[in-house]
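A.B. asks: Could you work out the structure for the sequence below:
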Amino acid sequence: MSSSKDRNTVFYKIYPTQQEDLEKLQLECLQTLDTDLDIIWNSESFSLQVDANSSTPCLSGQLWFDNSLEDEWYVLWLLQKLTRALPVVAQVWDDDGEFILIEAAEVLPAWLNPDNSANRVFVYQGRCALIPQPRSPAQLAYFPQNSVSLQQALSCIDKVDMSECVRLNETVDKKLANFPNRSIHKIRCVLPVHLVHALSLSPSIISSIISVYLYSDQREIQSVTKNRRLDWTDTCATNLQLTRCQYAQLYSQRVTTTSAWAHAPVGHADHSATQLGLKITLGAELALSIAADEIVTDKEFGKYLDRLKSLGYFADNIEGSKAHSEQLHKAELFYKASQKSDSGSVWLASSRALKKLVAQDRATFPDYAGMEVVESADDSWMDEVPEEIERWFLKGRQRDVGESDAPKLDAVDVEDKTGVATESVLPDLNSKLQGFIDQISSHEGAEVPDINLNVDDFMNCLRELKDTIDKGAQESESEDTSSLDSSSLRTESEEEMEEYMRDIDEQLKTTTLSETFKKDAEGDVDIDLNLVSNILESFSAESGLSGPASSVLASLGVHLPRDSDIAGS
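C.D. replies: Below you'll find the model as predicted:
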């Protein structure tokens with residue numbers, strides 16, 4: 001059982017702006033976030049440790065979000081909340097780099113690039129702050145000219161003019177607009193009663209159960225099916241909350257049926273509930289197998305509780321009271337999430353907790369079978385087809401660039417109402433491709449220059465330039481140059497280039513390269529036809545997936561029908 005934890009991980013550090021006990025700060029962070037941490041995470045939960053290896057005192061943590069980008073952005077939302085409430089500065093990045101800058105790439109200043117972006121973006125007072133380059137001699141005293149060290153950044157973060165970071169924060173705010181609400185999907189499933197009880201007491205454990213199942217292999221599943229730790233005959237229906245990402249992965253995962261599990265036949269009302277229930281139950285069995293041979297000691301947790309008591313975490317709440325029990329539960333969750341597994345398993349802490357919960361006496365359980373259970377939520381959101389997604393992206397791009405500058409879909413409408421491509425496609429498509437190629441481009445890609453052009457002034461400048469050239473040519477002709485023919489004006493470099501091109505033509509005569517080009521009626525290479533033909537071949541080779549051809553066409557406002565669409569029509 002293995003995971004790809006080296007990828008899809010977000011890292012974060014929290015630096016106090018004042019001299020402060022880091023363990024006390026850790027507790028303050030826990031109390032500030034409170035219930036915002038008690039959610040259904042996709043894989044791992046948010047945690048903070050005192051970073052003993054950092055030269056700058058700080059708290060640090062990392063979270064493996066796997067396939068759920070929502071978890072990564074939720075971490076940023078948590079850091080914004082912390083920096084609003086506490087005198088701290090936060091730094092966050094993932095294995096791809098500064099994901100905040102990547103998201104806001106279109107609104108960043110031109111001087112910022114990957115080479116000088118290190119230690120420039122921070123979360124400060126609930127907002128994203130970008131440390132600028134100095135624009136005056138006075139700013140040289142606190143804003144570094146080129147590279148920025150961490151110490152320099154922390155010392156000048158309070159001098160950043162946040163009004164210059166408005167567009168950056170507007171982009172980030174769009175990503176965080178729905179938080180703290182998350183994309184949750186409610187399901188109805190059939191589970192062993194002991195597992196229902198465990199999940200009712202600690203709903204967040206479902207994340208580890210699903211992750212363990214998704215990253216297991218058939219051999220491991222067969223092993224836990226034979227050596228079951230849960231009673232598969234004592235089951236009941238229940239409702240669970242999953243993230244949309246978890247549900248989509250769980251739903252699409254194939255499972256081998258087993259006679260030990262009571263399956264409802266296809267078409268039965270409980271078919272989906274028993275299928276989902278088997279997958280979750282197998283995940284729980286896998287998690288329990290991880291913790292089966294673990295010797296759990298409470299010594300370290302006891303020291304942790306003693307430290308919390310000395311810091312006044314439990315206040316005057318009496319041990320055993322409801323308030324004390326709730327605070328103890330939060331402390332347990334935070335402690336377990338902040339511990340690193342010696343075995344390297346990212347699920348060990350949850351597996352230990354699950355082992356304790358399912359070991360409770362069945363006689364003490366509520367009557368789960370008699371509780372009301374609702375049907376699963378509508379999952380039609382999983383049925384979005386690629387064509388709808390492409391149109392959604394294109395609509396978003398038109399909204400971002402504005403109606404006047406956006407590519408008009410009607411300009412190149414490649415399908416009529418019957419779904420057949422119109423004959424006007426090729427010339428229109430060719431003109432758009434030529435326009436794209438003629439834009440500013442380099443090894444970093446092509447871009448459309450943002451130019452405000454006054455047509456009348458531009459034409460006047462061209463006329464004045466032409467008059468100047470004509471006047472200069474007439475004066476040159478009046479001098480003693482009549483004996484010079486055109487060949488004497490040819491530069492040495494032009495002659496070398498022509499000779500070079502002749503050599504290339506001679507070499508290519510022995511190849512079949514010229515046969516790959518499409519020619520017109522006169523036998524000359526038709527550049528326009530070849531351009532359009534090549535991009536259409538590239539588009540067809542993408543087989544409905546995203547690629548360079550579809551990306552270029554979409555940016556030009558061109559929506560071509562897929563082969564399957566044409567065949568279907």
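A.B. asks: Spatially nearest residue to W41, not counting backbone neighbours?
C.D. replies: Of all residues not flanking W41 in the chain, S207 sits nearest, at 4.9 Å (CB to CB, 6 or more residues apart in numbering). Just so you know, the C-beta spots here come from the backbone N, C-alpha and C atoms, and that holds for glycine as well.
A.B. asks: How about V373?
C.D. replies: Of all residues not flanking V373 in the chain, A237 sits nearest, at 4.7 Å (CB to CB, 6+ apart).
A.B. asks: Geometric centre of this protein: which residue is closest?
C.D. replies: For the chain, the residue whose C-alpha lies nearest the mean C-alpha position (CA atoms, centre = their mean) is L69; its distance is 4.6 Å.
A.B. asks: Contacts only, for it.
C.D. replies: Applying CB atoms under 8 Å, 6 or more residues apart in numbering to L69 gives no contacts.
A.B. asks: For it, report the pLDDT, please.
C.D. replies: Reading off the per-residue confidence, L69 sits at a pLDDT of 92.
A.B. asks: How about A292?
C.D. replies: Reading off the model, A292 has pLDDT 63.
A.B. asks: ditto for W41
C.D. replies: In this prediction, W41 carries a pLDDT score of 90.
A.B. asks: Just say helix, strand or coil for it.
C.D. replies: Judged by DSSP: H, G, I helix; E, B strand; the rest coil, the three-state class of W41 is coil.
A.B. asks: Was I right to think it contacts V75?
C.D. replies: No - using CB atoms under 8 Å, W41 is not in contact with V75; the gap is 10.0 Å.
A.B. asks: Now do the shared contacts for those two.
C.D. replies: Jointly contacting W41 and V75 under the rule CB under 8 Å, 6+ apart are L63.
A.B. asks: what number of residues lie near C128?
C.D. replies: When neighbours are defined as other CB atoms under 10 Å, C128 has 23 of them.
A.B. asks: Let me see the contact set for it.
C.D. replies: Counted by CB under 8 Å, 6+ apart, C128 has contacts 100, 121-122, 165, 168-169, 172.
A.B. asks: hmm, 6 Å instead?
C.D. replies: 100, 168-169, 172 (CB atoms under 6 Å, 6 or more residues apart in numbering).
A.B. asks: pLDDT, neighbour count and distance to F11 added to those, as a markdown table?
C.D. replies: Listed next are those as a markdown table, based on pLDDT from 0 to 100; neighbours: other CB atoms under 10 Å; distance: CB to CB, whole Å:
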| residue | pLDDT | neighbour count | distance to F11 |
| --- | --- | --- | --- |
| I100 | 95 | 22 | 13 |
| L168 | 95 | 22 | 20 |
| N169 | 95 | 20 | 21 |
| V172 | 95 | 21 | 18 |
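A.B. asks: Widest-spaced pair of those?
C.D. replies: Greatest spatial distance in the contacts of C128: I100 and N169, 9.8 Å, computed using CB to CB.
A.B. asks: what's the closest non-adjacent residue to S54?
C.D. replies: Across the structure, with CB to CB, 6+ apart as the measure, the residue nearest S54 apart from its sequence neighbours is S60 (6.8 Å).
A.B. asks: Please report the distance of that neighbour from L513.
C.D. replies: As defined by CB to CB, to the nearest Å, S60 lies at a distance of 57 Å from L513.
A.B. asks: So for stretch 48-62, first residue to last residue, what's the gap.
C.D. replies: End-to-end distance for stretch 48-62, by CA to CA, to the nearest Å: 8 Å.
A.B. asks: residues near the residue nearest to V373, how many?
C.D. replies: Applying other CB under 10 Å, we find 18 residues neighbouring A237.
A.B. asks: Enumerate the beta-bridge partners assigned to it.
C.D. replies: Per DSSP bridges, the residues bridged to A237 are V190.
A.B. asks: Can you list the strands that the one helix or strand the residue nearest to S54 maps to pairs with?
C.D. replies: If you go by DSSP states H and E, S60 is part of strand 59-64. Strand 59-64 has the following sheet partners, assigned by DSSP bridges: strand 9-16 (antiparallel), strand 49-50 (antiparallel).
A.B. asks: Pull out the buried residues from stretch 194-211.
C.D. replies: Within stretch 194-211, the residues that qualify as buried are 194-199, 202, 204-211, counting by 16 or more other CB atoms under 10 Å.
A.B. asks: Nearest to K279 among those residues?
C.D. replies: For K279, the closest of the buried residues of stretch 194-211 turns out to be I210, at 8.1 Å, with distances computed as CB to CB.
A.B. asks: Now do the residue nearest to that closest one when sequence neighbours are not counted: how many residues are near it, please.
C.D. replies: In space, I210 comes closest to Q246 once its chain neighbours are excluded; the distance is 5.1 Å by CB to CB, 6+ apart. Using other CB under 10 Å, Q246 has 27 other residues around it.
A.B. asks: now swap in Y368 and tell me
C.D. replies: Around Y368 there are 16 other residues, counting by other CB under 10 Å.
A.B. asks: What separation do you get for it and D38?
C.D. replies: For Y368, the distance to D38 under the criterion CB to CB works out to 22 Å.
A.B. asks: Ok, P132 next?
C.D. replies: From P132 over to D38 (counting by CB to CB), the distance is 38 Å.
A.B. asks: Tell me which of these two has more neighbours.
C.D. replies: When P132 and D38 are compared on other CB under 10 Å, the one with more neighbours turns out to be P132, at 18 against 15.
A.B. asks: Assumed that one was part of a strand.
C.D. replies: No - if the criterion is three-state DSSP, then P132 is coil and not within a strand.
A.B. asks: on that earlier part again, ok, the residue nearest to W41 touching D38?
C.D. replies: No - counting by CB atoms under 6 Å, S207 stays clear of D38, with 12.0 Å between them.
A.B. asks: next one: phi and psi at L354?
C.D. replies: Summarising the backbone geometry of L354 under the convention degrees, to the nearest 10, its torsions are phi -60, psi -40.
A.B. asks: and it, what does it touch?
C.D. replies: With CB under 6 Å, 6+ apart, L354 has these contacts: 198, 205, 287.
A.B. asks: Could I get the phi/psi values of the second one?
C.D. replies: According to degrees, to the nearest 10, the main-chain angles of I205 amount to phi -60, psi -20.
A.B. asks: all helices of the stretch 201-350 of the chain, in order?
C.D. replies: Using DSSP state H, counting those that start in this stretch, the helices assigned to the stretch 201-350 of the chain run over residues 205-214, 218-226, 244-252, 271-291, 299-310, 322-338, 348-358.
A.B. asks: in the sheet, who's paired with the residue nearest to S54?
C.D. replies: In this entry, S60 is beta-bridged to K13, Q49, by DSSP bridges.
A.B. asks: measure it to D21 for me?
C.D. replies: S60 sits 16 Å away from D21 when distances are taken as CB to CB.
A.B. asks: Specify which residue of the two has the higher count of neighbours.
C.D. replies: Here S60 and D21 are set side by side on neighbour count (other CB under 10 Å), and the busier one is S60, at 18 against 13.
A.B. asks: Thought D51 was touching that one, still the case?
C.D. replies: Yes - in terms of CB under 6 Å, S60 counts as a neighbour of D51; the distance is 4.0 Å.
A.B. asks: Could you report the separation of L276 from H197?
C.D. replies: Taking CB to CB as the criterion, L276 is separated from H197 by 18 Å.
A.B. asks: Actually, E103.
C.D. replies: As judged by CB to CB, E103 and H197 stand 42 Å apart.
A.B. asks: Same check on W381?
C.D. replies: Relative to H197, W381 is positioned 31 Å away (CB to CB).
A.B. asks: give me the number of residues near E375?
C.D. replies: For E375, the neighbour count with other CB under 10 Å is 12.
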